[in-house]
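Visitor: kindly return the folded structure for what I paste below:
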Amino acid sequence: MPNSINSATFWQFSLKFYSDSKVAETLLHWQNHHHKNVNVCLLLLYLNQQHFELSSSNLTELINTLEPFNLKFTQPLRTLRIQLKQHIDLPHYQAMRTQLLATELQFEQQEQQLLIDKLIEFKLGSTSTPDNLSLYINKDLQCAKTDLNQTLLQLKQSAE
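Guide: Here you go, the predicted structure:
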């Protein structure tokens, strides 16, 4: 595994890529309606950018590594944050919401660390045109995948 792939560079990639509102909207839709993990999607896009190809068995291992933490910590916190939105009249609502968002972001960063820690165990193939996201998303999401890949290409060109 090359040194360029680590949790810090993956986190920075994710922050930059996710800051595009169309990307965030698409990934959240996949998360909320198709049960896809945003961090897994971001990792697959990141690997595309780095020209590494993941096998389907590697993807399964990554998902299995992430799932316990996600189910025990990230998802319950996200649910709590969403439920809190129904109580905006609480005296400390804004402070609680801000703290929950910050904690959720830390949990997301931990998920990314878990993914990278597992990823470094794999021997990845290198290719000029990887399409890792196709391993994870269903055929009905292909249109949005194309949009994400296009956004990735635009971001990469703007960084050069």
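Visitor: could you point out the longest helix of this structure?
Guide: Ordering each helix of the chain by length in residues (DSSP state H) puts helix 93-119 first.
Visitor: what residues does the very next helix or strand once past that helix touch?
Guide: For helix 93-119, the following helix or strand on the C-terminal side (DSSP states H and E) is strand 125-126. Contacts to strand 125-126, defined as CB atoms under 8 Å, 6 or more residues apart in numbering, come from residues 51-53, 55. Just so you know, the C-beta spots here come from the backbone N, C-alpha and C atoms, and that holds for glycine as well.
Visitor: strands of this protein, start to end?
Guide: 52-53, 125-126 (DSSP state E).
Visitor: now Glu104: how far from Ser21?
Guide: 19 Å (CB to CB, to the nearest Å).
Visitor: circling back to that earlier point, what is the longest helix of the chain packed up against?
Guide: Here helix 93-119 touches helix 7-18, helix 38-49, helix 56-69, helix 75-84, going by 3 or more CB pairs under 8 Å, 6 or more residues apart in numbering; DSSP states H and E.
Visitor: just those: most buried one?
Guide: Stretch with highest mean neighbour count among the helices and strands packed on helix 93-119: helix 38-49 (a mean of 23; mean count of other CB atoms under 10 Å).
Visitor: next, the angle helix 7-18 makes with that one.
Guide: 100 degrees (axes from the mean of the first three to the mean of the last three CA atoms, to 10 degrees).
Visitor: show residues contacting helix 38-49.
Guide: So helix 38-49 is contacted by 5, 10, 13-14, 17-18, 27-28, 30-31, 53-54, 59, 62-63, 66, 108, 111-112, 115-116, 119, 124, 130-133, 135-137, 148-149, 152, 156 (CB under 8 Å, 6+ apart).
Visitor: on that earlier part again, most neighbours among the contacts of strand 125-126, which one is it?
Guide: When neighbours are counted by other CB atoms under 10 Å, Phe52 leads the contacts of strand 125-126 with 21 neighbours.
Visitor: Pro130 is in contact with that one, correct?
Guide: Yes. Look at Phe52 against Pro130 with CB atoms under 8 Å: they come within range, at 6.2 Å.
Visitor: from Ser134, how far off is the residue most central in space within the chain?
Guide: In the chain, the C-alpha nearest the mean C-alpha coordinate belongs to Asn39, at 1.9 Å (CA atoms, centre = their mean). Distance, Asn39 to Ser134, by CB to CB: 18 Å.
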